[in-house]
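Colleague: Curious how this folds, go ahead:
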Amino acid sequence: MAKTISEKIIGSRLGREVNAGDIVVVPVDLCMVQDGTGPLAVRQLRELKRKGTSRKPSQEKDYAIYAPEKTFIFLDHAVPSPRQELSNSHRELREFAKKTGARLSEISEGISHQILAESYVNPGDILVGADSHTCTSGALAAFATGMGSTDVAVAMATGKTWLRVPESFLINVEGELPQGVYPKDLILYIIGKLGADGASYKALEFQGGTIEKMSLSGRLTLCNMAVEAGAKTGLVASDSVTMAYLREMGREGGYREIKADGDAKYERVIEVDASRLEPVVACPHAPDKIKPISQIKSKDIRIGQVFIGTCTNGRIEDFRIAGKILKGRRCASGTRLVVSPASRKVYLQAAKEGILEILIEAGATILSPGCGPCVGIHGGVLADRERCLSTANRNFKGRMGSPNSEIYLSSPATAAWSAVNGKISDPREVA
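Modeller: Residues are numbered from 1 along each chain as shown. Below is the predicted model:
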């Protein structure tokens, strides 16, 4: 029987055929928590006290993790820690990693989803993470999904998790993206069409000529935001682009070809003509409140802050786009530009290419690799009645600070050009 990517990956790990709707218990290849969700997972592990389940005995009897080498602790949301209680959480997670042998990603290394893509996730893997944007790794043809801290704690203890094999939506994208239009515009457009809950517990499979030509960076952006339509995961078939990325990261040995069968059954098929798209913006206070830039720019929406970064658009490709626009220009008076690379690797590459110098000369403040202002913990918290244009994935009320502030979402190109103008602007004017 013809299979979707989700059915193929899950079936392969179980050694038998599975179909959408099946309830299964599957082996987990990788599991992760971060500094916001990790402390609860650690406390749940203490309560579980699953002695004897670890293939590598834990040094602490109250903890028992099945595969320490496949368990990741990321310090990425509040880095460096801005408050005592967060510092205590960091210390707890560092101690947990030391006692159990779990892999610890320290405060200078970057965002979990970026590091997993750079260094660990391979096609065909099953990844569960205590973070909703774990689905980012689906760009590498992995079944990657976010779960609650307790569910991930069980996966850490047993090496398994349960799930329902999701039905799949095929998002078929054909045509060339016009000048000034980027993968972020494409996924925002799709979310606007689906709605914030239009794909609840579905797998979004991105296919078509546009996707085949898209960089891995762009594919990561698409899969990252699949959850903003309620999806269980986002997926792209592995191909020569995947192989080239893994080779660049020094781990081409992990490559496998994984793609859906030509006659696979989808619950819904959505056709997108990329050539007809224009830059778009998600308006407050939901990622599906999408407006084309042609409607937005006439409203003269002034912005106090622009944020370029996050697990959605904090990669080197994004900074190259922003740097090209900002070179030789300055941010408008009264508009702050805050930048946070998604990983140390991205940070170093941006420095090597001179992009950081361009951004700084334009007036940017460069933060440590990490989530930064995206979650409103520190480094760019908004005041009452402020507006921010962000390349992040969420613009919920109060997410970046004051519940009386407003967050708009856009591509890095729209964000950079808007910083120059001090208001939401059309990047095609400068592209």
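Colleague: got the contact list for Ile10?
Modeller: Neighbouring residues of Ile10 by Cβ atoms under 8 Å, 6 or more residues apart in numbering: 18, 24, 26, 126, 143, 165. Where you see a C-beta, it was placed from the backbone N, CA and C, and this is true even at glycine.
Colleague: Local confidence estimate at the fourth one?
Modeller: Spelled out, it's Ile126. Note for Ile126: predicted pLDDT of 98.
Colleague: same thing with Thr53?
Modeller: On pLDDT, Thr53 comes in at 48.
Colleague: And Val24, how far from Val269?
Modeller: 25 Å (Cβ to Cβ, to the nearest Å).
Colleague: of the contacts of Ile10, closest to Asp300?
Modeller: Set against Asp300, the nearest of the contacts of Ile10 by Cβ to Cβ is Phe143 (44.6 Å).
Colleague: so that closest one touches Pro123, yeah?
Modeller: No: using Cβ atoms under 8 Å, Phe143 and Pro123 do not qualify as a contacting pair, with a distance of 10.1 Å.
Colleague: residues touching Val24, list them.
Modeller: Residues in contact with Val24 (Cβ under 8 Å, 6+ apart) are 10, 14, 18, 162-165.
Colleague: Can you list the strands that the strand or helix carrying it pairs with?
Modeller: Element membership of Val24, judged by DSSP states H and E, is strand 23-27. Neighbouring strands of strand 23-27 in its sheet, by DSSP bridges, are strand 160-164 (antiparallel).
Colleague: buried set for the strand it pairs with?
Modeller: Of all the residues in strand 160-164, those buried under the rule 16 or more other Cβ atoms under 10 Å are 160-161, 163.
Colleague: After it, heading C-terminal, what element do we hit next?
Modeller: Assigned by DSSP H and E, the successor of strand 160-164 is strand 168-174.
Colleague: Paired strands for that following strand, with orientation please.
Modeller: In the sheet, strand 168-174 lines up with strand 203-207 (parallel), strand 268-273 (parallel) (DSSP bridges).
Colleague: May I have the first one exported as PDB, CA atoms only?
Modeller: So that's strand 203-207. What follows is strand 203-207, C-alpha atoms only, in PDB (Å, rounded to 0.1, in the frame of the first residue of the first chain):
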ATOM      1  CA  ALA A 203       1.500  16.100   9.000                       C
ATOM      2  CA  LEU A 204       2.200  18.800   6.500                       C
ATOM      3  CA  GLU A 205       4.200  17.400   3.600                       C
ATOM      4  CA  PHE A 206       5.800  20.100   1.500                       C
ATOM      5  CA  GLN A 207       6.400  19.000  -2.100                       C
END
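Colleague: before we move on, back to that, now whichever helix or strand comes after the strand holding Val24 against strand 160-164, angle please.
Modeller: Once strand 23-27 ends, the next helix or strand along the chain (criterion: DSSP H and E) is strand 30-34. Compare the direction of strand 30-34 with that of strand 160-164 by axes from the mean of the first three to the mean of the last three Cα atoms, to 10 degrees and you get 90 degrees.
Colleague: burial of Val272, as a residue count?
Modeller: Using other Cβ atoms under 10 Å, Val272 is surrounded by 20 other residues.
Colleague: low-scoring stretches of the chain, by residue?
Modeller: 49-63, 431 (pLDDT under 70).
Colleague: Domain-wise, how is it divided?
Modeller: Following automatic domain parsing, one gets these domains for the chain: 7-14+22-164, 168-276, 280-429.
Colleague: now those domains in TSV, with distance to Met1?
Modeller: Putting the domains of the chain into TSV (distance: least, Cβ to Cβ, whole Å) gives the following:
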stretch	distance to Met1
domain 7-14+22-164	9
domain 168-276	9
domain 280-429	34
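Colleague: Can you tell me which of the contacts of Ile10 has the most neighbours?
Modeller: Phe143 leads the contacts of Ile10 on contacts (other Cβ under 10 Å) with 30 neighbours.
Colleague: mind listing what that residue touches?
Modeller: Residues in contact with Phe143 (Cβ under 8 Å, 6+ apart) are 5-6, 9-10, 125-127, 233, 235.
Colleague: Kindly report the same for Arg428.
Modeller: Counting by Cβ under 8 Å, 6+ apart, Arg428 has contacts 178-180, 278-279, 293.
Colleague: just Gly379 next, same as before
Modeller: 82, 338, 340, 367, 372-373.
Colleague: do Glu17 as well
Modeller: Glu17 sits next to 1, 3, 7, 11 when contact means Cβ under 8 Å, 6+ apart.
Colleague: Quickly find the element holding it.
Modeller: Judged by DSSP H and E, Glu17 forms part of no helix or strand.
Colleague: gap between it and Val165?
Modeller: 11 Å.
Colleague: Pull up the overlap in contacts between the two.
Modeller: Glu7.
Colleague: what's the spacing between Ala282 and Leu222?
Modeller: 15 Å.
Colleague: now Asp300
Modeller: 31 Å.
Colleague: Check Thr134 too.
Modeller: Distance from Thr134 to Leu222, counting by Cβ to Cβ: 15 Å.
Colleague: Could you do Ile5 as well?
Modeller: 14 Å.
Colleague: One more: Ala67?
Modeller: Taken as Cβ to Cβ, the span from Ala67 to Leu222 is 29 Å.
Colleague: Looking at these two, which has the bigger crowd around it?
Modeller: Each of Ala67 and Leu222 has its neighbours counted (other Cβ under 10 Å); Leu222 has more, 27 against 20.
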